[in-house]
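> Need a 3D model of the following:
(2 chains)
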There are 2 protein chains.
Amino acid sequence: MIIGAIEAGGTKFVCGIGNEHGEIFEKISIPTRTPKETMKDVFQFFEGKQIERMGVGSFGPIQVSQDQPDYGTILETPKTDWKYFPLLDEIKKNFSDDMLIAVDTDVNAAAFAEMKWGAAKGMNSCVYFTVGTGIGAGAVVRGKLVHGLLHPEAGHMFVKRHPDDDFKGSCPYHGDCLEGLASGTSMRERWGKAGVDIQDKAAWDLEAYYLAQTAINALLTYSPEKIIFGGGVLNHPGLIDKVREQFSKLLNGYIKKDEVIEDVDDYIVLPGLGSEAGLKGSLALVL
Amino acid sequence: MIIGAIEAGGTKFVCGIGNEHGEIFEKISIPTRTPKETMKDVFQFFEGKQIERMGVGSFGPIQVSQDQPDYGTILETPKTDWKYFPLLDEIKKNFSDDMLIAVDTDVNAAAFAEMKWGAAKGMNSCVYFTVGTGIGAGAVVRGKLVHGLLHPEAGHMFVKRHPDDDFKGSCPYHGDCLEGLASGTSMRERWGKAGVDIQDKAAWDLEAYYLAQTAINALLTYSPEKIIFGGGVLNHPGLIDKVREQFSKLLNGYIKKDEVIEDVDDYIVLPGLGSEAGLKGSLALVL
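Okay, the predicted model is just below:
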């Protein structure tokens, strides 16, 4: 089966052609501009490609519930050009009416791909956090992506502040929510330079302290079989190990399952699909 | 249909006879002692009652995944008599082999009952918190109770400390996790008297501050259509209103859905089934 996939991001749209095994044959990156300009290039890429289905993982907030009339429409976003853009309807117009098209958030898609082909393969649940400029979260519970009033926005959950941390937080909505304390943006504001240039051990210990709480709150809410951390910030060597250490320390044996006591190295992991999780996830949405 | 229901708690087992409409015809409360003593009384109550199915909502941790060999077994609990007690297997032994019996946590069961007959009726998702001696949480996502590595334990999530709060927290595992800062036990330790005797406005403002974060973290993870707060602490007049106020203030318009902006009074609510949510929930598990 030939499947089209779109990873719709705020700075670029990655479009790809793949199959039901999660293989990607061809892909292209298109800079995100206005919907009109961007979608023109997107459709041009797919022209004549004979795709049979199409999966779309998009930046949020976006309506992900198929039973809602605005399914596939981008909601209130600071990207004003895209506010209320009916992404799914526009794509439908360009293809045959009966083609299966599914839309979800980029992070939900990534979580789904990790469960299908990546770090959580063979499982029924996982949580995927991407820690970059912001913090995004996708989740699968009992085989299904988490939808409800909206979709997960767990990057903005509240966590406890480190006693020695007096940074006010960088989130324009919440100040010191998780994103405000642990995103790439917050690191830059807090330390005056980009994460990639930060070598100070204390900075990474603090980052791990917050990401460990992220993992604990994910464990205690979703009860996932695997917690995956991706995104640029996780490229820092050794950060994932520090997160595991702090996780064990802070959880303090509360959940008495081997997976989180003995085998934490295999419970909190980096993505199995690397940077292709998003695109493969979009593809997985229509399988 | 005649359905048996057991709400298995640490201090009492409530057993009931009901039907598929959530009606309870008869019930009894049995003090929790050793498994042998307790179960003897439980089985005596059901003797000759002609029940066709049986639902059990139990204190946790308990194995809730039906595909696991220890399904229905109580796991590591401080109630040492009950540690690794095969609750489901014991019940099965007492009834016919082909009777449908389902086991879940008491709080998951309560969440399920609220979705079926109570505050979240007609919806596909909700979260139920019970704030008493401890803090328990049950959740339904896309119509299914949340299971995975285990079940929700969201009472122990981390939240941000109020800047004026220097109480160390009462949780033996985590100190200042949610349960350590906002359970009935924590109120008693913090203020030197039981919640029911506390009149100080500051105490209840602080309690609402933590429960509001509880609601926000639930919204941002599970994305439920309804958040329900039950348990003894919520009997304090006006507490639920304070929770809603602080919720709106702390969320600060981040999720742009009418349900959480305009209609918060209808989003964060007390249980629709009152104190019978647990027993009705047990019943609902086999429907």
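> Where do the helices of chain A begin and end?
Under the criterion DSSP state H, helices of chain A are mapped to A:35-46, A:87-94, A:106-117, A:178-182, A:184-191, A:201-222, A:239-251, A:258-261, A:264-267, A:277-284.
> Now tell me what touches the fifth one from outside.
The contact list for helix A:184-191, computed with Cβ atoms under 8 Å, 6 or more residues apart in numbering or on different chains, reads A:131-134, A:167, A:169-171, A:179-180, A:194-195, A:198, A:200, A:203, A:207, A:231-233. Heads up, the C-betas are built off the backbone N, CA and C, glycines and all.
> how does it look with 7 Å?
Defining contact as Cβ atoms under 7 Å, 6 or more residues apart in numbering or on different chains, one finds that helix A:184-191 is touched by A:132-134, A:167, A:169-170, A:180, A:194-195, A:198, A:203, A:207, A:232-233.
> Tell me, what's the model's pLDDT at residue A:185?
Looking at residue A:185, its pLDDT is 97.
> Then residue A:188?
Each residue has a pLDDT score; the one for residue A:188 is 97.
> what do you get for the one 10 residues further on?
Reported pLDDT at residue A:198 in the predicted model: 97.
> ditto for residue A:112
Reported pLDDT at residue A:112 in the predicted model: 97.
> That one and residue A:274, how far apart?
With distances defined as Cβ to Cβ, to the nearest Å, the gap from residue A:112 to residue A:274 amounts to 16 Å.
> near chain B, which residues of chain A?
A:75-76, A:125, A:141-142, A:144, A:146-154, A:156-161, A:173-174, A:176, A:213, A:216-217, A:220-225, A:252, A:254-257, A:259 (Cβ under 7 Å from any Cβ of the partner chain).
> Which residue, other than its chain neighbours, is closest to the spatially most central residue of chain A?
To find the centre residue of chain A, average its C-alpha atoms and take the closest one (Cα atoms, centre = their mean): that gives residue A:107, at 2.5 Å. Once its chain neighbours are removed from consideration, residue A:107 has its nearest residue in residue A:138; the separation is 3.5 Å (Cβ to Cβ, 6 or more residues apart in numbering or on different chains).
> burial of that neighbour, as a residue count?
Taking other Cβ atoms under 10 Å in any protein chain shown as the neighbour definition, residue A:138 ends up with a count of 32.
> With residue A:91 instead?
Considering only other Cβ under 10 Å, residue A:91 is surrounded by 22 other residues.
> neighbour-wise, which of residue A:112 and residue A:274 wins?
Each of residue A:112 and residue A:274 had its neighbours counted (other Cβ under 10 Å), and the higher figure belongs to residue A:112 (31 against 10).
> measure the more buried one to residue A:10 for me?
In this structure, residue A:112 and residue A:10 are 20 Å apart, going by Cβ to Cβ.
> Using neighbour counts, trim the residues of chain A next to chain B to the buried set.
With neighbours counted by 16 or more other Cβ atoms under 10 Å in any protein chain shown, these contain buried members at A:75, A:125, A:141-142, A:146-154, A:156-161, A:174, A:176, A:213, A:216-217, A:220-225, A:254-255, A:257.
> Narrow those residues to those in strands?
residue A:141 (DSSP state E).
> ok so, going back, contacts only, for the residue nearest to the centre of chain A.
Residue A:107 is in contact with A:128, A:130, A:136-138, counting by Cβ under 7 Å, 6+ apart.
> go on, residue A:9?
Listed by Cβ under 7 Å, 6+ apart, the contact set of residue A:9 reads A:32, A:59, A:106.
> show me where pLDDT drops low in the stretch 1-150 of chain A?
Counting by pLDDT under 70, the stretch 1-150 of chain A has no low-confidence residues at all.
> same question, the stretch 151-287 of chain A
The model of the stretch 151-287 of chain A has no residue with pLDDT under 70.
> What is the burial count for the nearest residue in space to residue A:205 that is not next to it in sequence?
If the residues on either side of it in the chain are set aside, residue A:205 comes closest to residue A:242, at 6.5 Å by Cβ to Cβ, 6+ apart. Neighbour count for residue A:242, taken as other Cβ under 10 Å: 19.
> my guess is residue A:242 contacts residue A:204, does it?
Yes. Contact status for residue A:242 versus residue A:204: in contact at 6.2 Å, counting by Cβ atoms under 7 Å.
> and residue A:26, how many neighbours?
Other residues lying near residue A:26 total 10 when counted by other Cβ under 10 Å.
> no wait, residue A:27
Should you count by other Cβ under 10 Å, residue A:27 turns out to have 15 residues around it.
> That one contacts residue A:13, correct?
No. Distance between residue A:27 and residue A:13: 10.7 Å, which falls outside the contact criterion (Cβ under 7 Å).
> who are the neighbours in contact with residue A:257?
Taking Cβ under 7 Å, 6+ apart as the definition of contact, the neighbours of residue A:257 are B:149-150.
> do residue A:168 as well
By Cβ under 7 Å, 6+ apart, the contact set of residue A:168 is A:175-176.
> how near is it to residue A:190?
Relative to residue A:190, and taking Cβ to Cβ, residue A:168 is found at 9 Å.
> I'd like the distance between residue A:189 and chain B.
Between residue A:189 and chain B the distance is 18 Å, computed by Cβ to the nearest Cβ, to the nearest Å.
> what does residue A:37 give?
Distance from residue A:37 to chain B, by Cβ to the nearest Cβ: 26 Å.
> Could you count how many residues lie near that residue?
Applying other Cβ under 10 Å, we find 13 residues neighbouring residue A:37.
> Check residue A:203 too.
Number of residues near residue A:203 (other Cβ under 10 Å) recorded here: 16.
> Out of the helices of chain A, which gets nearest to residue A:66?
Taking Cβ to Cβ as the criterion, helix A:87-94 is the member of these that comes nearest to residue A:66, at 9.8 Å.
> before we move on, the earlier item: from the contacts of residue A:107, pick the one nearest residue A:264.
Residue A:264 lies nearest to residue A:128 out of those, by Cβ to Cβ, at 17.4 Å.
> contacting residues for the residue lying closest to residue A:71 once chain neighbours are set aside?
What sits nearest to residue A:71 in space, not counting adjacent residues and going by Cβ to Cβ, 6+ apart, is residue A:63, at 5.3 Å. By Cβ under 7 Å, 6+ apart, residue A:63 lies in contact with A:70-73, A:75.
> tell me the domain ranges of chain A?
For chain A, whose domains are defined here by automatic domain parsing, the residue ranges read A:3-108+A:276-284, A:121-270.
> Chain B versus the residue lying closest to residue A:57 once chain neighbours are set aside, what's the distance?
Of all residues not flanking residue A:57 in the chain, residue A:109 sits nearest, at 3.1 Å (Cβ to Cβ, 6+ apart). When distances are taken as Cβ to the nearest Cβ, residue A:109 and chain B turn out to be 16 Å apart.
> Residue A:109: neighbouring residues, count only.
Burial of residue A:109, expressed as a neighbour count using other Cβ under 10 Å, amounts to 32.
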